[in-house]
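# my questions concern the predicted model and sequence given below.
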Amino acid sequence: MKIVHATAELFPYAKTGGLADMVGSLAATLADNGHDISVFLPGYREVLENLDTMSPMHLLMLEMDESEVWTFSPRKNLRVFLICSPEKGTGITFPPTAAGFRDGLVRALGLFAEKPRLAAVQKRGMRKDFSWAKAVMAYERFYKDTLGTASPDENNGLLSTTSYASMAMAG
């Protein structure tokens, strides 16, 4: 039988909890029992940095959006596909820890050294709408979801969120 798993985690490649263990064990057991198993998971940076430690890799290119798909077979009847979407980021993010900051700084310096990638990140950032009006609309949605649309009397004398958005749009 041909079986496909689509997952966010797969032991030992990407693991944050029990899902990785369960998918890894299930896929291995089914493969060992003769089933043709394919597992698709995101091409996380941490996984891609360790590609050289995995069995022979093959690169497939998807024509529709220039995605890369790295595929390898860690055991008979089991093939893993790492889906690597084209970069869509507008900057460097990192967890708020010392190690996260160091990692972010290293990646930022690497990005700065690769001028074509840096230009692409800058171009994506310039296409984003970071205007005050856009920010106010996001807050308006938040307040409407949280408080519901309220008139000044129903909202302790405050203007309704619709009034705030109108004021921001007016300039």
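Good, I have the coordinates. Numbering: from 1, shown residues only.

# after whichever strand or helix holds residue 79, which helix or strand is next?
According to DSSP states H and E, residue 79 maps onto strand 78-84. Moving toward the C-terminus from strand 78-84, the next helix or strand (DSSP H and E) is helix 98-113.

# neighbours of the residue nearest to residue 21 when sequence neighbours are not counted, how many?
Closest residue to residue 21 apart from its sequence neighbours, by CB to CB, 6 or more residues apart in numbering: residue 11 at 5.2 Å. All C-beta spots, glycine's among them, are computed from the backbone N, C-alpha and C. Neighbourhood size, residue 11 [other CB atoms under 10 Å]: 16.

# does residue 11 touch residue 23 like I think?
Yes: using CB atoms under 8 Å, residue 11 is in contact with residue 23, at 7.3 Å.

# residue 104: neighbour count?
That count, for residue 104 with other CB under 10 Å as the rule, works out to 15.

# and residue 8, by the same measure?
The burial count for residue 8: 13, using other CB under 10 Å.

# I'd assumed residue 41 was in contact with it.
Yes: counting by CB under 8 Å, residue 8 touches residue 41, with 6.6 Å between them.

# which residues are common contacts for those two?
residue 14 (CB atoms under 8 Å, 6 or more residues apart in numbering).

# domain assignment for this structure?
What automatic domain parsing lists as the domains of the chain is 2-84, 98-127, 132-170.
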